[in-house]
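Colleague: give me a 3D structure for the following:
(one chain, ligands or ions: 1)
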Amino acid sequence: MTKLKLHWQILIAMVFGIGIGLYFQDTEFNSNKLYGLIASFGTIFVRLLKMIIVPLIFTSIITGVASIKDSSRLGRLGIKTLLYYTMTSLFAIIIGLTLTNLIEPGIGVELGSNGSFDASNLKTPGSPAEILIRMVPLNPFNAAARGDMLGIIFFAIFLGISISRVKNQQQSTLSNFFESMFQAIMKMTETIIKFVAPIGVLGLITKAVANSGFEIFTAVGKYMMTIAFGLSIHIFFVLPLFFFLMTKTNPMKHFKAISSAMATAFSTSSSSATLPVTMKCVKENAGVSNETASFVLPMGATVNMDGTALYECAGVIFISQVLGIDLSISQQFTVVITALLASIGAAGIPSAGLVMIFIVTQAVGFRDEDVALIIGTMLAVDRPLDMFRTMVNITSDSIGAAVIAKSEGEKLYQNS
Ligand code: ASP
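Modeller: Numbering: from 1, shown residues only. Okay, the predicted model is just below:
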């Protein structure tokens, strides 16, 4: 009997997760032992992925950057990556802006305190300049211990470049060491995905469904539909079209190649936790070289978040509509720019995008007290939107890696 392909296993796990989650929804599931066991599979899966993120980012970036001997290629990759990230995120923001202005999901929405979360425990993020400052870690080991992605990436790129510049003997010793370490971490990733991903996804989906109450969703249903619609346009139309124009390849090939990563992003709501799976799919299924993948993807998981960018923009326009405030053109422009910055600064973890909305609301002059209740309600319904936007985020990263690889003359999708 041939073994079922991984993406089918994951899809089946999702369907079962929904069924089991619905079953537990009306019960005292938190004290149910079977529920506890199933949910723990999800927690273990996420912990395993998180366990390998720091060594994976570290070794993959150093290996990738150190192997780029030609410094002009490194500069070229950097510029292409930045261009791609900015362009696709701006596209996503424009979609969010247009849809919320057309559909006006916030007009007439009355939010009582009923069902809302207390937003006062949401930590307000710092200013956009802090994002830049945060990139330079005071201590790389501390950055690694805290899982500070931007800091780790900065240090790893710098170290990779420096390794490629030291004398021959030392250079090959160091390169070989990090390369071997990287291969070993990729083996760990493979094992985790092969043996734990389906059952982990089952646990995560079960938990997400069991915990979702439906009453609050009806109050802000239009808001949710607007964002889901925008995300769908971006992931099913804009990104595939761009991919096709740049690579002349059927986008379905790419979606097939990254299906496991999409499912993992959907169920974990974390681009960072999904990174090992994205790396594996993009390298092994799409055929992107390690040099390109290790440069584009870790950075992408941290700073390129199209789904989050769309959400930041649409979310703030929604808030302004609920408050009954008409945003001027220049304020809407501020929203576009700060939504981009907020998406860059958002960490690749669940609900990070929602917290970053404060940066945008502050930029257009809303007071935290006024928006806190609305953001609290948005938090209550955030999980499904977060799942969707995380999937959009990693899809954009992977398309970026493929498009850039293609432009560097790499041969892709040879196995499909
Ligand atoms: N959860 C998202 C991610 O990890 C970030 C967000 O909340 O928008 O990509």
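
Colleague: from the chain, which residue is nearest to the ligand?
Modeller: residue 353 (2.5 Å; Cβ to the nearest ligand atom). Backbone N, C-alpha and C define where each C-beta goes, glycine included.

Colleague: pretty sure that residue contacts residue 392?
Modeller: No - in this structure residue 353 lies outside contact range of residue 392 using Cβ atoms under 8 Å: 11.0 Å.

Colleague: find residues that contact each of the two.
Modeller: Here residue 353 and residue 392 share the contacting residues residue 307, scored by Cβ atoms under 8 Å, 6 or more residues apart in numbering.

Colleague: contacts only, for residue 304.
Modeller: Residue 304 touches 84, 85, 88, 89, 344, 393, 396, 397, 400, counting by Cβ under 8 Å, 6+ apart.

Colleague: please redo it, this time with the cut-off set to 6 Å
Modeller: Contacts for residue 304 were tallied using Cβ atoms under 6 Å, 6 or more residues apart in numbering; they are 85, 397.

Colleague: tell me the spacing between it and residue 87.
Modeller: Note on residue 304: its distance to residue 87, by Cβ to Cβ, to the nearest Å, is 10 Å.

Colleague: now swap in residue 377 and tell me
Modeller: Computed as Cβ to Cβ, the residue 377 to residue 87 distance reads 32 Å.

Colleague: so for those two, which residue has more residues nearby?
Modeller: residue 377 (24 against 13; other Cβ atoms under 10 Å).

Colleague: quick one: the strand or helix carrying the more buried one near the ligand?
Modeller: Element membership for residue 377, per DSSP states H and E: helix 368-380. No - applying Cβ under 6 Å from any ligand atom, one finds helix 368-380 separated from the ligand by no less than 10.8 Å.

Colleague: going forward, count from 50.
Modeller: New numbering, starting at 50: the last item is helix 417-429.

Colleague: start and end of stretch 75-88, how far apart?
Modeller: One end of stretch 75-88 to the other measures 16 Å (Cα to Cα, to the nearest Å).

Colleague: now that stretch: mean pLDDT?
Modeller: Per-residue pLDDT values across stretch 75-88 average out to 85.

Colleague: what's the neighbour count on residue 421?
Modeller: Quick note: residue 421 (other Cβ under 10 Å) scores 19 neighbours.

Colleague: then residue 153?
Modeller: Neighbourhood size, residue 153 [other Cβ under 10 Å]: 15.

Colleague: contacting residues for it?
Modeller: By Cβ under 6 Å, 6+ apart, the neighbours of residue 153 are residue 370.

Colleague: give me every residue in this structure lying close to the ligand.
Modeller: 318-320, 354, 357, 395, 397-402, 435, 438-439, 442.

Colleague: list just the nearest of the residues you listed to residue 208.
Modeller: Nearest to residue 208 out of the residues of the chain next to the ligand is residue 397 (Cβ to Cβ; 21.7 Å).

Colleague: is residue 186 in contact with residue 192, as I believe?
Modeller: Yes - at 3.7 Å, residue 186 and residue 192 qualify as touching, with contact defined as Cβ atoms under 6 Å.

Colleague: now residue 290: which helix or strand?
Modeller: Per DSSP H and E, residue 290 falls inside helix 288-296.

Colleague: so residue 442, which of the three states?
Modeller: helix (DSSP: H, G, I helix; E, B strand; the rest coil).

Colleague: one more: residue 267?
Modeller: In three-state terms, and counting by three-state DSSP, residue 267 is helix.

Colleague: same check, this time on residue 462
Modeller: Residue 462 - assigned by three-state DSSP - is coil.

Colleague: what is the burial count for it?
Modeller: Residue 462 has 18 nearby residues by other Cβ under 10 Å.

Colleague: wait, isn't it in contact with residue 302?
Modeller: Yes - using Cβ under 6 Å, residue 462 and residue 302 qualify as a contacting pair, with a distance of 5.0 Å.

Colleague: the helix holding residue 426: which residues count as buried?
Modeller: For helix 417-429, a neighbour-count test (16 or more other Cβ atoms under 10 Å) marks 420, 421, 422, 423, 424, 425, 426, 427, 428, 429 as buried.

Colleague: and the first one, what does it touch?
Modeller: With contact set as Cβ under 6 Å, 6+ apart, residue 420 has these partners: 368, 410.

Colleague: give me the distance between it and residue 388.
Modeller: 15 Å.

Colleague: same question, the last one
Modeller: Applying Cβ to Cβ, one obtains 22 Å for the distance of residue 429 from residue 388.

Colleague: what does the second one give?
Modeller: Applying Cβ to Cβ, the value for residue 421 to residue 388 is 19 Å.
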